[in-house]
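> predicted model and sequence follow; I will ask about them next.
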Amino acid sequence: MLTAIGVALAGRAGARLASRLGLLASRDSLLRLIRGLPDPPVGPVKILGVDDFAVKRGRRYATILLDMAIHRPIDILDGREADSLAAWLAGHPEIEVITRDRAGAYAEGARRGAPQATQCADRWHLWNNLGQAVEKTVIKHRSCLTESFAATVDSVETTQPAAVVGLGETAEDAKRPPDSDRGKCTRLRARAAERYDAVHRLHAQGKGLRTIAKELDIDRKLPDDTSLPPRVWDRVVLVAGRVGDGDP
């Protein structure tokens, strides 16, 4: 009974239910019972999901394999190299489709271990890559959006000036973006400039990139090139999405 309770409710909640039923079991005891259960048998896998995860971020990674037909993990491989994936796939010739991220190692391992399988990108990585591409494109062509906005205001002003230009407001005022947008942009650039100065100050003190990233709570990849001028580094931070957190 304790094993069934542990499987259904895990540790803390399971221990509370067991206590109500008059059974003595701590949450650690329930978790030990769950860990002692044999792994469920793995049947033929037609659609395999492959992705990596961090065991210790920046130092050690592993690969998780999932049966996408039942959405359950079936194995974990040490590392994220092509050789280990190819060796596992060689023992499962029934695989027809491999869904993965865009890592080159996984692509190579799938080609070598399961040449008969069709490779495709999983849904999450498709949406993530699309979002990143759209964000970079919008930032790159922001001036085009501003010009389009101004042209739209001119067109509406010509046909319905009263609806666009308010009392005491000039046409030039109507063309400008709202104050909230200008204020947010200014705050983003100010924070990016502060981040840039902080990276250079710590780098001049002889601190390493990992230490700088930890102290400033930013992605370690951002301060890799401290020679970038402020305006370019500003763009790098904005595109990476590390500046806008907390802004209204």
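Now that the structure is in, tell me what you want to look at. The structure displayed is predicted, hence computed values, not measured ones.

> nearest residue to the middle of the protein?
Centroid-nearest residue in the chain: residue 128, 7.3 Å away (criterion: Cα atoms, centre = their mean).

> all helices of this structure, in order?
Assigned by DSSP state H, the chain shows helices spanning 2-9, 12-20, 27-35, 82-90, 104-113, 123-140, 142-159, 161-164, 171-175, 179-204, 209-216, 230-240.

> hey, least reliable of the ones you listed by pLDDT?
By mean pLDDT, the lowest-scoring of the helices of the chain turns out to be helix 161-164, with a mean of 46.

> find the nearest non-adjacent residue to residue 75, please.
Ranked by Cβ to Cβ, 6 or more residues apart in numbering and with sequence neighbours excluded, the top spatial neighbour of residue 75 is residue 65, at 4.5 Å. (Each C-beta comes from the backbone N, C-alpha and C, glycine too.)

> what's the local residue count around that neighbour?
Neighbours of residue 65 under the rule other Cβ atoms under 10 Å: 20.

> cool, and residue 109?
26.

> how close does the nearest residue to it once chain neighbours are set aside sit to residue 15?
Leaving aside its chain neighbours, residue 109 sits nearest to residue 85 (3.2 Å; criterion: Cβ to Cβ, 6+ apart). Distance of residue 85 to residue 15, computed by Cβ to Cβ, to the nearest Å: 39 Å.

> so those two - more neighbours on which side?
Higher neighbour count among residue 85 and residue 15: residue 85, with 28 against 23, using other Cβ under 10 Å.

> am I right that the more buried one is in contact with residue 106?
Yes. Taking Cβ atoms under 8 Å as the definition, residue 85 is a contact partner of residue 106 at 6.2 Å.

> joint contacts of these two?
Contact with both residue 85 and residue 106 is made by residues 50, 63, according to Cβ atoms under 8 Å, 6 or more residues apart in numbering.

> from what I can see residue 83 touches residue 109, true?
Yes. Using Cβ under 8 Å, residue 83 is in contact with residue 109, at 7.1 Å.

> what's in contact with stretch 90-104?
For stretch 90-104, the surrounding residues in contact (Cβ under 8 Å, 6+ apart) are 44-52, 68, 80, 89, 106-107, 110, 113-114, 116-122, 125, 129.
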